[in-house]
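Undergrad: Any chance you could fold what I've pasted below:
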Amino acid sequence: MAPEHRGLPRSWQIKRKIMMKTIAFAGLGAMGLPMAKNLITCGFRVRGIDLNPKALEALVTAGAEPVTSAAEAASGADVLMLMVVNATQAEQVLFTADALAAMNDGGTVCLMATCPPGGVERIAEQVTASGRRFVDAPVSGGVAGATAASLTIMAACDTDTYADLLPVFEAIGQRIFHVGDKPGQGAVVKTVNQLLCGVHIAVVAEAFALAAKVGVDLEVLLEIMGGSSASSWMLKDRGPRMLEADPEVTSAVDIFVKDLGIVLDTGRETQTALPLAAVAHQLFLSTSGRGDGRADDSQVIRSYHLLNGTD
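TA: Residues are numbered from 1 along each chain as shown. Alright, predicted model coming up:
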């Protein structure tokens, strides 16, 4: 199946620019490492940037060029992709570790991490002031999407830069959208996505807690709700894991502590009331505060069990 594109003029879809060849990839975590490997598979020259030597070794084994520093990885690179934890880490790679200064003149920095829109705008100003281009392109799809190269990519940049980066995006994503031309617009779209995801997970846990309180079999409840108008992707994906005592971690509780915090910060910056997001954030925060921050995010249900005396 060919990747989907939104917002790209037909002329650009017909006439693509030449692929960029050298990519420095920062952030070789659970999602970043398979993303970087997919770039190698598609023929790009890739150099990794990460504090974890085992992740760097794994990428070199997959075909990346070995390097010893962020600046060396970015030296002469056409694209610097940042799949780091937050905006602070992005700034460390770009400015403290001198990766930005080492890039090709006119090269492109692509920030793919989930960051506050305001933070994205500030980073973009410094990048463009250096003579490089900037793309705000957060992703969604988790580890499974990163591994399968089926991520959703929400890119904000000018049309020319988007067209130049499209071959790169196609190597790692399946649903690719041009959401605007200003830095921060991609981050806002990802923020909305995380708002919906976090609230959906929390409300599934709340529904299960109510049923558990009166002794309803949750497996039967899940089967019923999964085929009703109350169903959702999150119900079908997280619901079964909520019934497990210690499910495999596909996305940790602490991710939603961070991401829903970004949602609330964005609400304050834009003077937008987000009461449901605030309650969901408190539930994830409570779960993390008890020591379950690294548990699968479905385990926010543990907070409901404690609130209601259910098991």
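
Undergrad: mind checking how far the closest residue to Ser251 other than its chain neighbours is from Leu285?
TA: In space, Ser251 comes closest to Asp297 once its chain neighbours are excluded; the distance is 4.9 Å by C-beta to C-beta, 6 or more residues apart in numbering. Glycine gets a C-beta too; all of them are placed from N, C-alpha and C. In this view, Asp297 and Leu285 are 12 Å apart by C-beta to C-beta, to the nearest Å.

Undergrad: More neighbours: those two, which one.
TA: For Asp297 and Leu285, the more surrounded residue by other C-beta atoms under 10 Å is Asp297, and the numbers stand at 29 against 19.

Undergrad: Leu196 is in what secondary structure piece?
TA: Secondary structure here is read from DSSP states H and E; on that basis Leu196 sits in helix 185-213.

Undergrad: Tell me the buried residues in the helix or strand following that helix?
TA: Moving toward the C-terminus from helix 185-213, the next helix or strand (DSSP H and E) is helix 218-226. Along helix 218-226, these residues count as buried under the neighbour rule (16 or more other C-beta atoms under 10 Å): 218, 221-222, 225.

Undergrad: Pick out the most distant pair among the residues you listed.
TA: Of all pairs drawn from the buried residues of helix 218-226, the widest gap by C-beta to C-beta lies between Leu218 and Met225 and measures 10.0 Å.

Undergrad: worst-scoring helix or strand of this structure, pLDDT-wise?
TA: Across the helices and strands of the chain, the lowest-confidence element by mean pLDDT, DSSP states H and E is helix 10-14, at a mean of 40.

Undergrad: immediately after it, which helix or strand?
TA: The element immediately downstream of helix 10-14 (helix or strand, assigned by DSSP H and E) is strand 22-26.

Undergrad: What mean pLDDT does the next helix or strand along the chain from that next one get?
TA: Heading C-terminal from strand 22-26, the first helix or strand you meet, by DSSP H and E, is helix 32-41. Averaged over helix 32-41, pLDDT sits at 97.

Undergrad: Remind me what helix 32-41 packs against, helices and strands.
TA: For helix 32-41, the packing partners by 3 or more C-beta pairs under 8 Å, 6 or more residues apart in numbering; DSSP states H and E come out as strand 22-26, strand 45-49, helix 53-61, helix 142-148, helix 159-172.
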